[in-house]
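A.B. asks: next come a sequence and a model predicted from it.
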Amino acid sequence: MKIAVSGKGGVGKTTLCAGLLLALASENKKVIGIDADPDSNLAATLEFSAPGKITPVSEMKELIEERAGEKGGFFKLNPKVDDIPDKYCVEQKGIKLLVMGSIKKAGTGCYCPENSLLKALMTHLIIGREETLIMDMEAGVEHLGRGTSGSVDALIIVVEPGLRSIETALRIKKLAGDLKIKKIFAVANKIQSSADKDSIEKNIGKIDILGFIEYNKKLVDKISNDKIGMFKTLIRNIENKI
Ligand SMILES: Nc1ncnc2c1ncn2[C@@H]1O[C@H](COP(=O)(O)OP(=O)(O)OP(=O)(O)O)[C@@H](O)[C@H]1O
Ligand SMILES: [Mg+2]
């Protein structure tokens, strides 16, 4: 199962990814988290030790040069990447985590080695590996057309009360449809009342809502064992629907 998580800035994408990863690991599932947000903080949210010391793949200059560097005036467009996830991920709490770093903007005709390596790596992660993958994406929609997010099994769009994140969700849904992403779900986060719930249900259109997460400061301070159940339920819902 390969799942990407998207949504407007600050809605709770990273919190959801961390919860899903912790829930999967607690069931002894093999999991890999991909932090694909250039402004990455999934390691910190997972309470990994020394999150600031993790080097994103995009900054591994020697590796990039070795695998995708220029040779005789050409960049390698399909560099070897299959050994990278295991070699360069960090592993704690039974969770593998790979921090991608920033991909340079597409559409500029840039075939620089970083992009070539990151694209090949992303494709490999989504189609070439066995374990469950949870990908934390950067906010917004612009980047969705880039890379290979179209191959994931499901895209979860996180929304929160208020129309802005729902408008973003609807834009993401349209783009995801264009990318032929198979399943699109929403998770409604930061719910404080039944009015919040009703308003999201009313405005989200045809996006299938996987679940509602209450607004709870304690949830994000520490995703403790009693909170993991909620994320396990979300995983069961996804499994039943894809
Ligand atoms: N259910 C919740 N209850 C209370 N606070 C929450 C909840 N979910 C997330 N938060 C808080 O909201 C803020 C944003 O959450 P998070 O970082 O997960 O969002 P994000 O969508 O990944 O943001 P970004 O777009 O910056 O990557 C954080 O301070 C987080 O602790
Ligand atoms: Mg985030």
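C.D. replies: Everything's here; your move. Numbering: from 1, shown residues only. Ligands and ions are numbered 1, 2, ... in the order given.
A.B. asks: which strand in this structure runs the most residues?
C.D. replies: Secondary structure of the chain per DSSP state E: the longest strand is strand 183-191.
A.B. asks: for the closest residue to L121 other than its chain neighbours, give me phi and psi.
C.D. replies: The spatial neighbour of L121 that comes closest, neighbours along the chain excluded (Cβ to Cβ, 6 or more residues apart in numbering), is V81 at 4.5 Å. Glycine gets a C-beta too; all of them are placed from N, C-alpha and C. Main-chain dihedrals, V81, degrees, to the nearest 10: phi -130, psi -10.
A.B. asks: again, but for G33
C.D. replies: Reported as degrees, to the nearest 10, the phi and psi values for G33 are phi -100, psi 140.
A.B. asks: quick one on the thing from earlier: any residue of the longest strand of the chain up close to ligand 1?
C.D. replies: Yes. Remark: strand 183-191 sits within contact range of ligand 1 at 189-190, by Cβ under 6 Å from any ligand atom.
A.B. asks: contacts for that strand, please.
C.D. replies: Outside strand 183-191, the residues that touch it by Cβ atoms under 8 Å, 6 or more residues apart in numbering are 11-12, 15-16, 153-161, 169, 173, 176-177, 196-197, 200, 204, 207-215, 234, 238, 241-242.
A.B. asks: could I get the buried residue list for it?
C.D. replies: 184-191 (16 or more other Cβ atoms under 10 Å).
A.B. asks: now, among those, which is nearest to ligand 2?
C.D. replies: Nearest to ligand 2 among the buried residues of strand 183-191, counting by Cβ to the ion, is N189 at 11.9 Å.
A.B. asks: how are the helices of the chain distributed by residue range?
C.D. replies: 13-26, 42-45, 61-68, 84-88, 113-127, 163-178, 194-203, 217-221, 225-241 (DSSP state H).
A.B. asks: just give me the neighbour total for P51.
C.D. replies: P51 is flanked by 19 other residues according to other Cβ atoms under 10 Å.
A.B. asks: and it, what does it touch?
C.D. replies: By Cβ under 8 Å, 6+ apart, the residues touching P51 are 41, 43-44.
A.B. asks: I'd like the residues you listed written out as a markdown table, with neighbour count, distance to A50 and pLDDT added.
C.D. replies: A markdown table is the format used below for the contacts of P51 (neighbours: other Cβ atoms under 10 Å; distance: Cβ to Cβ, whole Å; pLDDT from 0 to 100):
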| residue | neighbour count | distance to A50 | pLDDT |
| --- | --- | --- | --- |
| N41 | 14 | 13 | 93 |
| A43 | 23 | 9 | 96 |
| A44 | 15 | 10 | 95 |
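A.B. asks: I127: which of those is nearest?
C.D. replies: A43 (24.6 Å; Cβ to Cβ).
A.B. asks: look up how far T132 lies from the nearest residue to that closest one once chain neighbours are set aside.
C.D. replies: Using Cβ to Cβ, 6+ apart and skipping the chain neighbours, the partner closest in space to A43 is P51 (3.6 Å). For P51, the distance to T132 (Cβ to Cβ, to the nearest Å) stands at 21 Å.
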